[in-house]
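Student: no FASTA, just this:
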Ligand code: NAI
């Protein structure tokens, strides 16, 4: 077998190349190849300096993730890193693409680093439930200030080339030809005494960190994920112990964390996201051109979808009901683009150009040149039906028509058009220009070109596409409806909203279900319940409490009262709501009993899993991991737990058994 690591020599400079597609992962072949070459170079007196580079689109972007769940194979990365660090000639890392995890740890062993301005450098191990395992926690704070190293390692977010330069993580930003400049840098170091290796230096700016504040902040941010706090402990070791002692503790922690349940769940989440929407990639069909896209309805969702499209480089025609509504929609999009600029997603010039690509109008003929139109009008079949009939009449045959409906029947809508093969659902999540998930809803008659267009849109917007069949609420909202109902049932049995919310937050959700309802407003679900069960008798008793809140005008945060009282600026438990719950409980003739947080979460998980299983049995989702991806990326299910379906299989929660009524 040929080695993924090769070496070329010229004028006393060795250029070592890692070529291990697709991302030059530091797998066993790369580790042994590197170790062998370090040895060869060390014993070759002609070599005065070394450049370490990677072939293809990126520097080494991390460990071979397939190896992570298994016993590690020698040689181990720390051995390779140590060999480079102690090599006779200076090594220079030439970084393009991403230098992540083990990739960056190799760079830290080098005498100097040069990077392309577009490079990303980071230690993202915490996102996979572990910590750096080859000296990252020890060497990084000896190269850049400790507080920045703590941020990079506990947060897992990579930094740009420019930021790396300002931190001192790299010595030079490449201007033009990375390898030529790296070679020149290596030549300039040749023959000079090597500076002390990082392990022999003290941590930088160690006095600038407040450990207990950092720990408090991290614990709040981690919501039960163990790796960020373990990474912080490793950083404390790094600051307080000798570097050799810190190294051995880091390795022990890395091995323990890599074998943890959370790490297994996070690896599963990583793989599940990568394989989500797989069936879309096998469609052999040219998608519609997405350079100009139409959006109908410029409210919360339409404006968010338009913003996402504009940020991706598309031009957008946004149709509203009248000129006034069109102006409001324009301002809404402008605000969203401004916030994206403030978040650093786009430059000032990019923001100006994006907004210049937007046309808002109340003339539907403006849509005619769009190859795709996405409808995001009110959630009302009559209104959407009119929009679809009109679009069908004016849009050219090849144009693809999509609906962003949350619950309505996509097949019913497509039946209102002459050619249902060109209709699909594209279910975005709010805010549509931020949230990563896109449910691509395949109607019974949706054609391949239409689906391929949905897939191309997801790629263009950098979203994770999950395919869903047609049912009420598709994958995500359908599961959310059942667990919301289960939470309402627990109210009738004796639990209170703040207990249920606390149990969910404890589990790792950013918010509990009642807090979420208050945030998004109780009126939409109320209207839906009234439409689905117009008489009192046919209504679900558990939902009576929510109905009564709505009847009292308590629609959530927007009316300052909902499940909680927000009158004083902060969320407070409201005795009025407690009383109302007790009254409904008395009518339901159930004796109130105590619920533990554990029981609350078991009930929620169980209905999620049962509904997920039905969704699979009915062929709505293509695989169980797609359901998990939807819950993780669209509904705040804690990533370190993998998802309800993952927990169902890994913890032995039964997916069978009677379905709660
Ligand atoms: P919204 O009420 O904020 O916006 C709807 C917009 O559509 C309004 O600006 C209205 O003027 C416009 N509109 C109504 N009829 C129109 C017509 N015939 N022609 C042109 N414009 C028209 O509603 P929102 O929240 O943006 O929801 C839109 C759709 O997206 C609904 O189907 C909803 O179920 C779905 N959705 C909503 C999510 C959310 O979190 N709000 C999430 C995912 C989907």
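Tutor: Yep, it's here. None of these values were measured; they are calculated from a predicted model.

Student: CA atoms for contacts and neighbours, from now on please.
Tutor: Noted.

Student: what residues sit buried inside stretch 239-252?
Tutor: Neighbour-count burial for stretch 239-252, counted by 16 or more other Cα atoms under 10 Å, picks out 239, 243, 246, 247, 249, 250, 251.

Student: export those residues to TSV and tack on distance to the ligand and pLDDT?
Tutor: Below are these laid out as TSV (distance: Cα to the nearest ligand atom, whole Å; pLDDT from 0 to 100):
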residue	distance to the ligand	pLDDT
239	45	97
243	50	96
246	47	98
247	47	97
249	46	98
250	43	98
251	44	96
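
Student: of those residues, closest to residue 41?
Tutor: residue 247 (25.9 Å; Cα to Cα).

Student: from what I can see the closest one touches residue 132, true?
Tutor: No - using Cα atoms under 8 Å, residue 247 is not in contact with residue 132; the gap is 10.3 Å.

Student: quick check: residues of the protein near the ligand?
Tutor: 296-302, 319-321, 325, 376-379, 387, 404-406, 427-430 (Cα under 6 Å from any ligand atom).

Student: let's see 5 Å
Tutor: Listed as neighbours of the ligand in the chain under the rule Cα under 5 Å from any ligand atom: 297-301, 320-321, 376-379, 405-406, 429-430.

Student: out of those residues, which are buried?
Tutor: Buried members of the residues of the chain next to the ligand, scored by 16+ other Cα under 10 Å, are 297, 298, 299, 300, 301, 320, 376, 377, 405, 406, 429, 430.

Student: give the buried residues for the host helix or strand of the fifth one.
Tutor: Yep, that's residue 301 we're talking about. Assessed by DSSP states H and E, residue 301 sits inside helix 300-311. If you call a residue buried by 16+ other Cα under 10 Å, then helix 300-311 has these buried ones: 300, 301, 302, 303, 304, 305, 306, 307, 308, 309, 310, 311.

Student: what does stretch 608-627 give?
Tutor: Under the neighbour-count criterion of 16+ other Cα under 10 Å, stretch 608-627 has 608-616, 620-627 buried.

Student: can I get the buried residues of stretch 239-252 in a markdown table with distance to residue 553 and secondary structure?
Tutor: Listed next are the buried residues of stretch 239-252 as a markdown table, based on distance: Cα to Cα, whole Å; DSSP: H, G, I helix; E, B strand; the rest coil:
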| residue | distance to residue 553 | secondary structure |
| --- | --- | --- |
| 239 | 56 | helix |
| 243 | 62 | helix |
| 246 | 59 | helix |
| 247 | 60 | helix |
| 249 | 58 | helix |
| 250 | 56 | helix |
| 251 | 58 | helix |
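
Student: how long is stretch 489-505 end to end?
Tutor: End-to-end distance for stretch 489-505: 19 Å, by Cα to Cα, to the nearest Å.

Student: roughly how far does the nearest residue to residue 41 once chain neighbours are set aside sit from the ligand?
Tutor: Closest residue to residue 41 apart from its sequence neighbours, by Cα to Cα, 6 or more residues apart in numbering: residue 47 at 6.5 Å. Look at residue 47 and the ligand: by Cα to the nearest ligand atom, to the nearest Å, they are 61 Å apart.

Student: can you classify residue 47 by secondary structure?
Tutor: Classification of residue 47 by DSSP: H, G, I helix; E, B strand; the rest coil places it in coil.

Student: coming back round to it: inside helices: which ones of the buried ones among the residues of the chain next to the ligand?
Tutor: Using DSSP state H, the subset of these located in helices is 300, 301.

Student: what about the helix holding residue 301, distance to the chain center?
Tutor: 18 Å (Cα atoms, centre = their mean, to the nearest Å).

Student: now swap in stretch 156-163 and tell me
Tutor: 17 Å.

Student: mind listing what's buried in the helix or strand residue 488 falls within?
Tutor: For residue 488, the enclosing helix or strand under DSSP H and E is helix 476-493. For helix 476-493, a neighbour-count test (16+ other Cα under 10 Å) marks 476-493 as buried.

Student: check stretch 199-216 too.
Tutor: Quick answer for stretch 199-216 (16+ other Cα under 10 Å): 199, 202, 203, 204, 206.

Student: quick check: closest non-adjacent residue to the second one.
Tutor: Right, the one you point to is residue 202. residue 142 (5.9 Å).
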